[in-house]
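Colleague: What would the 3D arrangement of this be:
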Amino acid sequence: MKRRRSPEAKLLAAVRPHLDRLSDAQIAEKITASRRTQATLRGGRRKESEIVREILRYLQTVPGVVAWRNNTGALAGEYQGRRRFVRFGFPGLSDIIGWRRVGDPHGEYCPTCATGLYPHARFLAIEVKRPGGRLSVAQEAFGAAVERAGGLFLHVQSVLDVVDTLTAQIS
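Modeller: Prediction:
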């Protein structure tokens, strides 16, 4: 069984050839920066919006995934001298939505599908919460509806959760 090395051990191995050129303070700063990076990747004490941005950045690099930030709420304003009130989204809708390409994009025969072809994409809904955050009743209901319809619903706390889930789905 392979032992996992701590971030500090990895950093030390990377800088070992240069140790004679670094002071103790510089080494300590690099280790502190490494800890901050690890905390950031795992969710840490970041705002939910920062985690959402990081996940969207990652999803842009995944072939076959199209995803975007989805806001819900309301906006009051004025247009052509009249007050307007506009609602967008609905309670429980996920922070990130999109789709993930699946199956053969050229199509294979599927006798159980209405079209006779395998579906080309699967709906993707990602609800982001800070570590320790819980889903609301509406969010749980939306997630259940997505899964009943054959989509993929993820409740995540960091970009690593998304990476792990999508990697597990591929292999």
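Colleague: tell me the domain boundaries of the chain?
Modeller: Here the domain parsing of the chain from automatic domain parsing is 7-41, 48-170.
Colleague: Confidence-wise, which of these is weakest overall?
Modeller: Mean pLDDT is lowest for domain 7-41 among these, at a mean of 59.
Colleague: Torsion angles phi and psi at Glu127?
Modeller: As for Glu127, its main-chain torsions (degrees, to the nearest 10) stand at phi -100, psi 120.
Colleague: could we number from 32 for the rest of this?
Modeller: OK, 32 is where the count begins now, so the last one is Glu158.
Colleague: where's it relative to Ala176, distance?
Modeller: Taking CB to CB, to the nearest Å as the measure, Glu158 falls 13 Å from Ala176. All C-beta atoms are positioned from the backbone trio N, CA, C, and that covers glycine.
Colleague: Pick out whichever of those two has more residues nearby.
Modeller: Glu158 (22 against 13; other CB atoms under 10 Å).
Colleague: For that one, give the beta-bridge partners.
Modeller: Legend: beta-bridge partners of Glu158 under DSSP bridges are His186.
Colleague: Would you confirm that it contacts Val187?
Modeller: Yes - in this structure, Glu158 is within contact of Val187 by CB atoms under 8 Å, at 7.3 Å.
Colleague: Now do the strands in this protein.
Modeller: For the chain, strands defined by DSSP state E occupy the ranges 96-100, 104-110, 113-119, 127-132, 152-159, 183-187.
Colleague: Out of those, which is closest to Ser167?
Modeller: strand 152-159 (9.4 Å; CB to CB).
Colleague: which residues touch the closest one?
Modeller: If you take CB atoms under 8 Å, 6 or more residues apart in numbering as the criterion, strand 152-159 is touched by 79, 82-83, 86, 96, 98, 125-133, 166, 170, 173-174, 177, 180-188, 193.
Colleague: Show me where this protein has its helices.
Modeller: Under the criterion DSSP state H, the chain carries helices at the ranges 38-46, 55-72, 79-90, 168-179, 190-201.
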